[in-house]
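Peer 1: next one to model:
(2 chains)
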Amino acid sequence: MSLRSPLARARNHGSARDGVHHWWHQRLSAVLLVPLVIWLVAALRVAAGGDFIAAREWLALPWNTVFALLFTLTTFYHGQLGLQVVIEDYIHTRWLEVSLQVVVKLLALVLALMGSLAILRIAFGVAPLAG
Amino acid sequence: MTQPTARPLSPHLQVYKPQITSVLSILHRMTGILLAAFAVGWVAWLIALNRGEDTLAAMQSLLSSIPGVVLAVLATWTLFYHLLNGVRHLVWDSGRGLELGTARLSGWMVVIFSLLLTALAWGVWL
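Peer 2: Numbers count the residues shown, from 1 in each chain, chains lettered A, B, ... in the order given. All right, here's what the predicted structure looks like:
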């Protein structure tokens, strides 16, 4: 016997009223981030060298550009999904909770766009802004 | 949700003895929050690569200071911890490794390997 109403069963959204979309996307982005973080370690080794020209040339290699873009987008997508749950769990003042959710999602979007634009400028060989 | 009275919320963490499983669980959240902050550093590096050599050099010298190095080592461990414990969570999601003994063992393995990888990344040989 089920205690769920026929409508609830038809919608299949559960007690979160949102289905399994969030849970599933958090896992998918997590799996994607495993190889991307291994790539990031290589990127950080280049960054640690501190050589401006070498770092730009390295990032402009097609595969590195693709991985850098994927890493940036996936990281901020995964991060805002995680922060959403943290806010849901600990912030119990409704107006503050909603405001924080909007700010976090907006910041994640802006940072992902800033990072992607920076990667693409280097990939397409756009000259540095200041000598 | 508004709280009409200031009753304590469950789980009553203050009356529980910390265990490896619960400590690692809260660490996963804390490292997740920290990584969101460190991700801003990644974007800052990309922007420095677009600004020019001087900006990158300024960022580099900031990271070579004592607080900078401490922050960078913390960032490295945070990344490896969240990565390894995240894989542990993915294995759990498949329904495996949930027995108490196994969960404790995998927890300690995450602690040891995250520290080992951090040491390795910073060129410290044990």
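
Peer 1: return the residues of chain B in contact with chain A.
Peer 2: By C-beta under 8 Å from any C-beta of the partner chain, the residues of chain B that approach chain A are B:1-3, B:29, B:32-33, B:35-36, B:39-40, B:42-43, B:45-47, B:49-57, B:60, B:79, B:83, B:86-87, B:89-90, B:93, B:121. Yep, even glycine has a C-beta here, placed from its N, CA and C like the rest.

Peer 1: need the buried ones from those residues selected in PyMOL.
Peer 2: In PyMOL, selecting the buried portion of the residues of chain B next to chain A, with burial taken from 16 or more other C-beta atoms under 10 Å in any protein chain shown, looks like this:
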select buried, chain B and resi 29+32+35+36+39+42+43+45+46+47+49+50+51+53+55+56+60+79+83+86+121
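
Peer 1: in chain B, where is pLDDT below threshold?
Peer 2: Along chain B, the parts satisfying pLDDT under 70 run over B:1-5, B:8, B:10, B:125-126.

Peer 1: please enumerate the helices of it.
Peer 2: B:20-51, B:53-64, B:66-93, B:100-121 (DSSP state H).

Peer 1: any residues of chain A in contact with chain B? List them.
Peer 2: So chain A meets chain B at A:27, A:30-31, A:33-34, A:37, A:40-41, A:44, A:47, A:50, A:52, A:55-56, A:59, A:68, A:72, A:75-76, A:79, A:82-83, A:86, A:92-94, A:111, A:114-115, A:118-119, A:121-122, A:126, A:128-131 (C-beta under 8 Å from any C-beta).

Peer 1: swap in 7 Å and give it another go.
Peer 2: A:27, A:30-31, A:34, A:37, A:47, A:50, A:52, A:55-56, A:59, A:75-76, A:79, A:82-83, A:86, A:92, A:94, A:111, A:114-115, A:118-119, A:121-122, A:128-131 (C-beta under 7 Å from any C-beta of the partner chain).

Peer 1: tell me the buried residues within those.
Peer 2: A:27, A:30, A:37, A:47, A:52, A:55-56, A:59, A:75-76, A:79, A:82-83, A:86, A:111, A:114-115, A:118-119, A:121-122, A:128.

Peer 1: give me the subset of these that lies in helices.
Peer 2: Those of these lying in helices (DSSP H): A:27, A:30, A:37, A:47, A:52, A:55-56, A:59, A:75-76, A:79, A:82-83, A:86, A:111, A:114-115, A:118-119, A:121-122.

Peer 1: pull the worst-scoring helix or strand of chain A on mean pLDDT out as PDB, backbone CA atoms only.
Peer 2: Lowest mean confidence among the helices and strands of chain A (mean pLDDT, DSSP states H and E): helix A:6-11, at a mean of 81. The C-alpha trace of helix A:6-11 is given here as PDB (Å, rounded to 0.1, in the frame of the first residue of the first chain):
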ATOM      1  CA  PRO A   6      -2.300   9.300  -7.300                       C
ATOM      2  CA  LEU A   7      -1.400  12.800  -8.400                       C
ATOM      3  CA  ALA A   8       1.900  12.700  -6.500                       C
ATOM      4  CA  ARG A   9       2.700   9.400  -8.100                       C
ATOM      5  CA  ALA A  10       1.900  10.600 -11.500                       C
ATOM      6  CA  ARG A  11       4.100  13.700 -11.100                       C
END
